[in-house]
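> Sequence first, predicted model second:
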Amino acid sequence: MRIIAGRFRRRVIQAPPGNNTRPTTDRAREAMFNMVSARLDLTDAKVLDLYSGSGALGLEAMSRGATHLDFVEKDRIALSYARDNARSLDADLAVNFHQSDVFAWIKSQSAAQYQLILADPPYELTEIQGLLDQVLPLLAPDGLFVLEHARQSNVEDLAGFITTRFYGKSAVSLFFRPIQD
């Protein structure tokens, strides 16, 4: 696996062995960040990577200009790969690592303002609406939430939906933070 673009372009990163994580393919990651960069300038952005696994998504954002990154991952081994990957890129000084259940970690946050939130949860996650409800308040007003999910999951009716693109068995959907009345 490698970083697609930016200052870490072509640098190799490692994923944990086995089936506990499902790294986003290079093709899907490139397309995902093309969709993001068409709507959001990542220069100096604060990024949250939920279900971070190896850290590929968050590190791709950092390679493209983000300056602060929070990884949240419950699996200790996967989080150690994210930490090692950040160190290998000399990016670990601007990265915080949180070994925690995503929902528990989000509940512990207050007014954090992220320009980009990335989530690649297990495809069997049935709480997509609950995740969206908890994540969107952490977005800056002009921020984006990017969700990778199973192709058959229908998210078009969820609040803040922008678009979905399909890549094999996967789909990537973008959301914005709806203005509250």
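Cool, got the structure. Numbers count the residues shown, from 1 in each chain.
> For the spatially most central residue of the chain, pull up the helix or strand it's in.
For the chain, residue 118 is the residue whose C-alpha lies nearest the centre (C-alpha atoms, centre = their mean; 2.0 Å). For residue 118, the host element (DSSP states H and E) is strand 114-119.
> Can you list the strands that that strand pairs with?
Note on strand 114-119: by DSSP bridges, its sheet partners are strand 46-50 (parallel), strand 139-150 (parallel).
> hey, C-alpha coordinates of the helix or strand that that strand is followed by in CSV?
Moving toward the C-terminus from strand 114-119, the next helix or strand (DSSP H and E) is helix 128-135. Extracted C-alpha coordinates of helix 128-135, given in CSV (Å, rounded to 0.1, in the frame of the first residue of the first chain):
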residue,chain,number,x,y,z
ILE,A,128,-24.6,4.5,10.2
GLN,A,129,-27.4,6.9,11.2
GLY,A,130,-26.1,7.0,14.8
LEU,A,131,-22.5,7.5,13.6
LEU,A,132,-23.6,10.4,11.4
ASP,A,133,-25.6,12.0,14.2
GLN,A,134,-22.6,11.9,16.5
VAL,A,135,-19.9,12.9,13.9
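> in helix 128-135, what counts as buried?
Of all the residues in helix 128-135, those buried under the rule 16 or more other C-beta atoms under 10 Å are 128, 131-132, 134-135. C-betas here are computed from N, CA, C, even on glycine.
> Cool, thanks, talk later.
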